[in-house]
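Peer 1: next comes the sequence, and after it the predicted model I'd like to discuss.
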Amino acid sequence: MIVITKNDIDAMDQRYRVNFINSLSGFKSVNLVGTVDAEGHSNVAPFSSVVHLGADPALVGMVSRPDSVLRGSLKNIIETGWYSLNHVTEQMLEQAHQCSARYAENESEFTATGLSESYSPLCPAPMVAQSPLSMLIEYKEHHRLAINNTVFIVGQIREVHLPQESLLDSGLVDLEAIGSLACSGLDSYHGTQRLARYAYAKPDKPLQEIDEHS
């Protein structure tokens, strides 16, 4: 066991520190965020900061890095009011990671990586056709964090596209069945294996395991 202090962190090489700090929060979801600008140019970029904010209304949050330089996804979301969230699978992993490259503003990552665009009449932003689970999100608000100038984006889920068989009777989506990946750090990707699913915990009752297809 080692102890790493703030002074140790401050003294780290920048890239080492980024890898270290990014991995400390554990496994995270990984999504491709699909957007379009006001002129109709599509963009898709990986984000590992998507979080659930509430079920009624159905809200999700997402952190964008500081926009001291151009952030295409953030700009497009605020301009058009829409974006998509698309789960990543092993079959599309290399293309998804390649979307993190800094392409020219007028060059679509869809075209550059071979991913395909898919659209709903509801929303101008593209979904990723290769993704087994896509959500269309309506932008609601954003907040700039004074401590590090990152931007927290809040959106409302307006439409979900997923395989019928992945939706269990309880309402749980079987993410393992559709092959959704997780990530750690900036560039490490992982499959998942469900260990157990438990009923709502109560202090006066023994813990009860739920059948995965209940």
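Peer 2: Yep, it's here. Just so it is clear, the structure is predicted and the values come from calculations on it, not from any experiment. Residues are numbered from 1 along each chain as shown.

Peer 1: helices along the protein, start to end?
Peer 2: Under the criterion DSSP state H, helices of the chain are mapped to 6-11, 14-24, 72-80, 93-98, 109-113, 175-178.

Peer 1: these into JSON lines, with extra columns for mean neighbour count?
Peer 2: No exception for glycine: its C-beta is placed from N, CA and C like everyone else's. Below are those laid out as JSON lines (neighbours: other CB atoms under 10 Å):
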{"stretch": "helix 6-11", "mean neighbour count": "9"}
{"stretch": "helix 14-24", "mean neighbour count": "12"}
{"stretch": "helix 72-80", "mean neighbour count": "20"}
{"stretch": "helix 93-98", "mean neighbour count": "18"}
{"stretch": "helix 109-113", "mean neighbour count": "18"}
{"stretch": "helix 175-178", "mean neighbour count": "16"}
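
Peer 1: so what's the residue count around the closest residue in space to A112 that isn't next to it in sequence?
Peer 2: Spatial nearest neighbour of A112, excluding adjacent residues (CB to CB, 6 or more residues apart in numbering): Y103 at 5.7 Å. By other CB atoms under 10 Å, the residues close to Y103 number 17.

Peer 1: tell me if I'm right that Y103 and F110 touch.
Peer 2: No. Y103 lies out of contact with F110 (CB atoms under 8 Å); the separation is 10.4 Å.

Peer 1: list residues touching both of these two?
Peer 2: Counting by CB atoms under 8 Å, 6 or more residues apart in numbering, Y103 and F110 have no contacts in common.

Peer 1: the helices of the chain: which one's closest to Y139?
Peer 2: Nearest of these to Y139, taken as CB to CB: helix 72-80 at 5.1 Å.

Peer 1: that closest one - contacts with which helices or strands?
Peer 2: Packing contacts for helix 72-80, counted by 3 or more CB pairs under 8 Å, 6 or more residues apart in numbering; DSSP states H and E, involve strand 31-36, strand 42-47, strand 82-87, strand 123-128, strand 134-144, strand 151-161.

Peer 1: closest to T5 out of the ones you listed?
Peer 2: The closest of those to T5 is strand 151-161. By CB to CB, the value is 28.1 Å.
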